[in-house]
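[1] Output the structure for:
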Amino acid sequence: MSAMPDSEVLARRAENNPIVRTLARVGNAAIGLLHILIGVIAIAIALRTGGGNADQSGALQALVKVPGGLFVVWAVIVGLIALTLWQILQTVVARKAWKRVSEIAKGVVYLVLAITAITVAFGGGSNSSASEKSASAKLLGTPGGVFVLALIGLIVVAVGIGFLVSGIRKTFERGMRLPPNALAPATVTLGRVGYIAKGIALGIVGGLIVAGAVTYDPGKASGLDGALKSLTQLPYGVFLLLAIGLGLIAYGVFWCVRAVAIRL
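    The predicted structure is shown next:
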């Protein structure tokens with residue numbers, strides 16, 4: 001058997017470091033907290049009892065406003081940075097090309113979230129919907145941009161379908177150490193509900209991006225916040241928004257449980 005490259009050896013040593021593993025678990029809990037807050041904001045919008053952006057930036061801004069919230073935001077930042085570094089380690093030790101691409105994609109998502117959290121922590125405002133509309137408008141103004149925007153929308157829809165399938169088939173259980181007691185079925189149920197809700201939300205986001213490309217209307221490509229708020233304009237859309245909000249809370253709680261149960 002051939003010897004492992006030095007980079008892989010170093011990556012595996014870092015991967016086995018207890019501090020690195022603990023920080024990665026903190027990152028998992030941070031993802032869970034953000035989704036719980038997004039779900040709460042979505043429910044508040046549906047019930048018209050509150051406002052804010054139903055996305056990651058909105059969740060972080062809401063968190064900063066509560067006593068001690070800034071400390072929690074910095075804990076989230078540490079966790080997200082740790083998750084980004086963890087994904088880099090996973091990319092190095094991965095043997096299959098598709099697995100490397102998957103780990104890199106996850107790392108980029110976590111890094112973007114960490115940058116957003118840092119901006120909010122330092123008092124910077126962030127409106128994801130406005131930024132996404134602006135980016136879509138610029139893309140539509142470039143040659144062939146409409147096709148790129150449509151492709152992005154289709155990719156988001158495909159990711160949403162992936163979440164749906166994972167929720168229905170329970171493939172998210174892989175790599176987890178669920179306790180052999182009554183908590184295991186409850187954890188699986190949380191995961192199924194959460195993944196299905198996240199899949200529906202991403203499907204709506206992707207569909208609106210595609211609609212924005214087809215109609216040359218960047219206003220439709222407004223990200224998660226815009227997608228969820230657009231549901232209130234549909235017949236019975238408020239009930240769907242409530243269901244998605246509860247599902248996102250379930251998804252967040254699942255990630256918090258996952259922070260403890262995941263097999264690192």
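
[2] Quick check: residue 21 vs residue 99, distance?
    Taking CB to CB, to the nearest Å as the measure, residue 21 falls 20 Å from residue 99. Yep, even glycine has a C-beta here, placed from its N, CA and C like the rest.

[3] For residue 199, which residues are in contact?
    160-167 (CB atoms under 8 Å, 6 or more residues apart in numbering).

[4] One more pass at 7 Å, please.
    160-161, 163-164, 167 (CB atoms under 7 Å, 6 or more residues apart in numbering).

[5] could you say which helix or strand contains it?
    Using DSSP states H and E, residue 199 sits in helix 183-214.

[6] which parts of that helix are buried?
    187-188, 190-210, 212-213 (16 or more other CB atoms under 10 Å).

[7] Also stretch 145-157?
    So for stretch 145-157, counting by 16+ other CB under 10 Å, buried means 145-146, 149-150, 152-153, 156-157.

[8] Poorly predicted segments of the chain, please.
    Applying pLDDT under 70 to the chain picks out residues 1-16, 49-52, 124-133, 175, 179-182, 220-222, 262-264.

[9] What are the boundaries of the strands in the stretch 1-150 of the chain?
    For the stretch 1-150 of the chain, strands defined by DSSP state E, counting those that start in this stretch do not occur.

[10] and the gap between residue 176 and residue 254?
    10 Å.

[11] Quick one: distance of the helix holding residue 199 to the chain centre.
    10 Å (CA atoms, centre = their mean, to the nearest Å).

[12] Can you check what angle separates the helix or strand just after that helix from helix 183-214?
    Using DSSP H and E, the helix or strand that follows helix 183-214 in sequence is helix 223-230. Helix 223-230 and helix 183-214 are oriented at 90 degrees to each other (axes from the mean of the first three to the mean of the last three CA atoms, to 10 degrees).

[13] Touching helix 223-230 from outside, list them.
    42, 45, 53-55, 58, 128-129, 132, 201, 204-205, 208, 241, 244.

[14] follow-up on the earlier one: can you turn the buried part of the contacts of residue 199 into a PyMOL selection?
    Under the burial definition 16+ other CB under 10 Å, those of these that qualify are selected in PyMOL by:
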select buried, resi 160+163+164+167
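
[15] Give me the subset of the contacts of residue 199 lying in helices.
    160-161, 163-164, 167 (DSSP state H).

[16] Reformat those as TSV; add distance to residue 229.
    Listed next are the ones in helices among the contacts of residue 199 as TSV, based on distance: CB to CB, whole Å:
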residue	distance to residue 229
160	18
161	23
163	20
164	22
167	23
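
[17] of those, closest to residue 76?
    residue 163 (21.9 Å; CB to CB).

[18] which residues touch that closest one?
    Per CB under 7 Å, 6+ apart, neighbours of residue 163: 195, 198-199, 202.

[19] Any chance of TSV for those residues, columns distance to residue 93?
    Below are those laid out as TSV (distance: CB to CB, whole Å):
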residue	distance to residue 93
195	26
198	27
199	29
202	28
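
[20] List just the nearest of the residues you listed to residue 34.
    Closest approach to residue 34 among the contacts of residue 163 (CB to CB): residue 198, at 12.0 Å.
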